[in-house]
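Enquirer: only the shape, not the letters, is given here:
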Ligand code: WAQ
Ligand code: MG
């Protein structure tokens, strides 16, 4: 069955406002285009003067993977969040504390840090931008669940991304902190740990935010291609 990628980006005076991506069946394409442009027109960040919607047939097999199971840590403050994250990373890298320090000082990146587990080195080609994960969607959005068409929640989006990222054999774990000043729940994720929500991962009002993937590979090119380009549909948790 042929699937289509539908991508939207909006801007005002050349400055990015919002973006979205879906992987859907052919019959859904018109509705999804309409829903995306409608959301772009009413985005909280302001009125766009340009909206670009791109529809592309996916001419290859789409990988279907299960969602990571969701759990939530008990975590009262950022000190506890730091302990939870570092404890999760310690078995994977001798540089766990450095990973935390790095992630809690970056901001305004569009993509993720690739953190080399054995050495703590950064592997992403552009440190200011990071590696942006695209070409993924929730499988439930493709037909079976009409309510998923109108818009997805933040947690669903994050779970889809985390499940795709964790699926690659070179990825040992991911840590995520939202860049929204008033959204203070982050997560640490891996195939072993699942998607572990971490409340109070940053102080309320902080503009800090980013993603860090702990990886074990010396040649990140294949991993980057997978993250950016391999189409993946994420189904229900197993
Ligand atoms: N690929 C790689 N990195 C990304 C991407 C992407 N597609 N999108 C965002 N990032 C990076 C970028 O550095 C952002 O600054 C940072 O992640 C945070 O992005 O269960 O809202 O979109 O309640 O602000 C987690 C939900 C929400 C936790 C995360 O991230 C929960 C969130 P945001
Ligand atoms: Mg954000």
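Expert: Cool, got the structure. Quantities reported herein were computed from a predicted structural model and do not represent experimental measurements. Numbers count the residues shown, from 1 in each chain. Ligands and ions are numbered 1, 2, ... in the order given.

Enquirer: quick one: the helix or strand that contains residue 189 near ligand 2?
Expert: Using DSSP states H and E, the element containing residue 189 is strand 186-190. No. On the criterion CB under 5 Å from the ion, strand 186-190 is out of touch with ligand 2, staying 11.3 Å away. Glycine gets a C-beta too; all of them are placed from N, C-alpha and C.

Enquirer: packing partners of that strand?
Expert: Where contact means 3 or more CB pairs under 8 Å, 6 or more residues apart in numbering; DSSP states H and E, strand 186-190 is packed against helix 78-89, helix 154-167, strand 171-177, strand 194-198.

Enquirer: what's the most buried one of the ones you listed?
Expert: strand 171-177 (a mean of 25; mean count of other CB atoms under 10 Å).

Enquirer: name every strand pairing with it and say which way it goes.
Expert: strand 186-190 (antiparallel), strand 210-215 (antiparallel) (DSSP bridges).

Enquirer: and the contacts of that strand?
Expert: 85, 88-89, 92-93, 99-100, 103-104, 112, 117, 158, 162, 165-166, 186-190, 193, 201-202, 208-216, 223 (CB atoms under 8 Å, 6 or more residues apart in numbering).

Enquirer: what residues of the helix or strand of the chain with the lowest mean pLDDT count as buried?
Expert: Taking mean pLDDT, DSSP states H and E as the measure, the chain has strand 15-25 as its least confident helix or strand, at a mean of 91. Going by neighbour count (16 or more other CB atoms under 10 Å), the buried part of strand 15-25 is 17-24.
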